[in-house]
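**Q** Pasting the sequence and the predicted model now:
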Amino acid sequence: DLKVASFYSNLAKDCAKNRVVLDIVMQSRPLPGAFMDLATLGQLCRVTCGKLTWIKTTSEWKEALQQALLRPVCSFYGTDAIFKIRCSNGFQVKSYLPYTTVGVSVDSSLMGSPELELGVVHPDTCIAVELEHRVGGLSKREKICYVQSALLYTTPSGQRRVRVSTLALKISSTAADVYRGIDFGALTAFLTRQVVEQLVDPRQGDDQTLHAARQKLRSRAIKAVAGYRSNTSNGTNLPHGQLILPQKLQLLPLFCMSMLKSALLRASLPTRKSGMRADHPDPLADERAYALWHGSNAHPTVAMLLVHPNIFSLSKLTDGAGEWHIPDKVEDNQSELLKATYHACIKLPNTIPPTISCIEDDQIYLIDDGLNIYIFVGKDVNKEVKAELIEVTREGCNLSTSSDYGRQVGRLVWQLRTYSAIGSGSESDTLRTAFLPVIFALAHSSHKDPFEEKVLNLMVQDQKGDELDYENFLCEFHKNVQATFKVASNRIKQ
């Protein structure tokens, strides 16, 4: 009700005003039943620059809780921060994405772009800024334009520091150069935040719906590809019936389709092939709210993974998969940046497409969706193999540490957690915002395991109700690109 809403709103404002950061950690069973209102709690974390962590496991909850508590203590952080962007003449800052970005936006029209007041900054802090051309555009005499960010913060030792980063961008008059310079990771993070903004920004009005957000995402992707065909020589000289994607946008249709089937945009009560509605909502309100929170903080390195999972087959770990890989000796004449990339790691097996046609009933798979690690055991897997991999305890299932196979899979899990864990042997740059718990999904012929449905929802390249599979989605995407290109061509002729 309004009284409860005003309480949380006032609490967030008071905490932000006094530079108090709220990190909220929730723990529940992997399949929650009670409503926890993560949407409201996420707003508390957003305004105060804190983190929302949802631990959905019973067997590893102690380790996950330990990681959630250690991370803000062991990671480097700065407090009482102010972030600002400025640009060359000719373009300006339009907005931060999403509209409800971290921290508090302070509009300073006299100083150009708005500032962000942040209670804390840490390695996970990722801010998206949308730029736009001013009236008149960039000067034709200039060949380089600049974007500069300044971050003023206080170190844990009490020192006040400013970190300035300047990016020089080459000005081009040809669209082909723009498409060649696209950073696909940054693009996916940007599109994800745009989707979140449309769903949470009250200024959207009637467009603040799942249907409108889905249509907008499709439209942006189609216009990007149609623009390549209309404005580049490579695109205009191609056969009319051929879909050609820019080199840097080869995975854009896949990302778009996967986003439509993710917890961000998937309908909670989808229509089945029979025409009947599903009998229970999926995702639940809390699951969608948690996905929206992570989407609003999407990092370029994991934005694709949040909607398109990585799947590894564990039944045939060959070519050293699951074992330590030590790179060749680094030569002295190589750069320091290249030398820094040489370090021992656990070799991962090759990924397979997220489609049920690649899943065998007698195989075991590891599925990484960016927030959880699922161990999916087929219904026909040998009992001896299951016993080698899984230890059943009073708290639940765990990876076996007494067998070679269990330890080998455990090393794979460790490597996937490397960029999200704090502790001995982990990387210093924590690129993931959450510790990855392991959830076991045991397939049965009767489909009684509730996690089996969760795994099936991750098969984003398959048809799901009204959603097309990847092949048919590409065909529909191509038709829409052709229609948009034809309309643009007719306008040019007129």
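**A** Looks like it came in fine. Not measured: the values here are computed from a predicted model.
**Q** Could you count how many residues lie near Leu306?
**A** Using other CB atoms under 10 Å, Leu306 is surrounded by 25 other residues. For the C-beta atoms, the positions are set from N, CA and C on the backbone; glycine is no exception.
**Q** Specify the local secondary structure of it.
**A** coil (DSSP: H, G, I helix; E, B strand; the rest coil).
**Q** That one: what's its closest spatial neighbour, skipping adjacent residues?
**A** Distances taken as CB to CB, 6 or more residues apart in numbering place Gly370 nearest to Leu306, at 4.4 Å, with adjacent residues excluded.
**Q** Confirm the one you found sits in a strand?
**A** No - counting by three-state DSSP, Gly370 falls outside a strand, being coil.
**Q** wait, is Lys94 part of a strand?
**A** Yes - under three-state DSSP, Lys94 falls within a strand.
**Q** got the contact list for Tyr8?
**A** 40, 43-44 (CB atoms under 8 Å, 6 or more residues apart in numbering).
**Q** dump the residue contacts of the residue nearest to Thr192 when sequence neighbours are not counted.
**A** Once flanking residues are discounted, Thr192 sits nearest to Ala298: 4.2 Å by CB to CB, 6+ apart. By CB under 8 Å, 6+ apart, the contact set of Ala298 is 126, 188-189, 192-193, 306.
**Q** thinking again about what came up before, among the contacts of Tyr8, name the buried ones.
**A** 43-44 (16 or more other CB atoms under 10 Å).
**Q** between the contacts of Tyr8, which is nearest Arg417?
**A** Among these, Leu44 lies closest to Arg417 (CB to CB), at 26.8 Å.
**Q** Point to the residue nearest the middle of the protein.
**A** When CA atoms, centre = their mean is applied to the chain, the residue found nearest the centroid is Ala303 (2.7 Å).
**Q** could the contacts of Tyr8 be laid out in TSV, adding secondary structure, distance to Gln215 and pLDDT?
**A** Output for the contacts of Tyr8, formatted as TSV (DSSP: H, G, I helix; E, B strand; the rest coil; distance: CB to CB, whole Å; pLDDT from 0 to 100):
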residue	secondary structure	distance to Gln215	pLDDT
Thr40	helix	28	90
Gln43	helix	26	88
Leu44	helix	31	90
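**Q** Mind picking the one among the contacts of Tyr8 that's closest to Ala213?
**A** Set against Ala213, the nearest of the contacts of Tyr8 by CB to CB is Gln43 (18.9 Å).
**Q** was I right about the closest one contacting Cys15?
**A** No - between Gln43 and Cys15 there is no contact under CB atoms under 8 Å: 11.4 Å.
**Q** Specify the beta-bridge partners of the nearest residue to Leu416 once chain neighbours are set aside.
**A** The shortest distance from Leu416 to any non-neighbouring residue, by CB to CB, 6+ apart, is to Asp368 (5.5 Å). Taking DSSP bridges as the rule, Asp368 bridges to Asn310, Ile373.
**Q** Now for Asp368, how many residues are close by?
**A** For Asp368, the neighbour count with other CB under 10 Å is 21.
**Q** Repeat that for Asp469.
**A** By other CB under 10 Å, 16 other residues sit near Asp469.
**Q** One more: Ser149?
**A** The local packing of Ser149 (other CB under 10 Å) involves 15 other residues.
**Q** likewise the one 10 residues further on?
**A** Gln159 is flanked by 9 other residues according to other CB under 10 Å.
**Q** Check Trp414 too.
**A** Trp414: 13 surrounding residues under other CB under 10 Å.
**Q** Give me the nearest residue to it, chain neighbours excluded.
**A** Ile346 (6.6 Å).
**Q** Contacts only, for that neighbour.
**A** By CB under 8 Å, 6+ apart, the neighbours of Ile346 are 322-325, 411-412, 414-415.
**Q** now with 7 Å?
**A** Contacts for Ile346 (CB atoms under 7 Å, 6 or more residues apart in numbering) come out as 322, 324-325, 411-412, 414-415.
**Q** now Thr433
**A** Counting by CB under 7 Å, 6+ apart, Thr433 makes contact with 51, 124, 294, 297.
**Q** Export those to TSV and append columns for secondary structure.
**A** Output for the contacts of Thr433, formatted as TSV (three-state DSSP):
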residue	secondary structure
Lys51	coil
Asp124	coil
His294	helix
Asn297	coil
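**Q** Out of those, the closest to Gln463 would be?
**A** Among these, and counting by CB to CB, the member closest to Gln463 is His294, at 26.0 Å.
**Q** ok, now how distant is that closest one from Phe376?
**A** 22 Å (CB to CB, to the nearest Å).
**Q** go on, Phe473?
**A** Applying CB to CB to Phe473 and Phe376 gives a distance of 24 Å.
**Q** okay, those two: which has more neighbours?
**A** Ranked by neighbour count (other CB under 10 Å), Phe473 and Phe376 place Phe376 first, with 25 against 20.
**Q** Give me the helices and strands touching whichever helix or strand that one is part of, please.
**A** Assessed by DSSP states H and E, Phe376 sits inside strand 373-377. Packing partners of strand 373-377 (3 or more CB pairs under 7 Å, 6 or more residues apart in numbering; DSSP states H and E): strand 364-368, strand 438-442.
**Q** mind checking how far the residue nearest to the centre of the chain is from Leu187?
**A** Going from Ala303 to Leu187 by CB to CB gives 9 Å.
**Q** cool, and Asp361?
**A** Taking CB to CB, one finds Asp361 at 38 Å from Leu187.
**Q** Compare these two (neighbour count), which wins?
**A** Higher neighbour count among Asp361 and Leu187: Leu187, with 19 against 11, using other CB under 10 Å.
**Q** Using the three-state scheme, assign that one.
**A** Secondary structure, three-state DSSP: Leu187 is helix.
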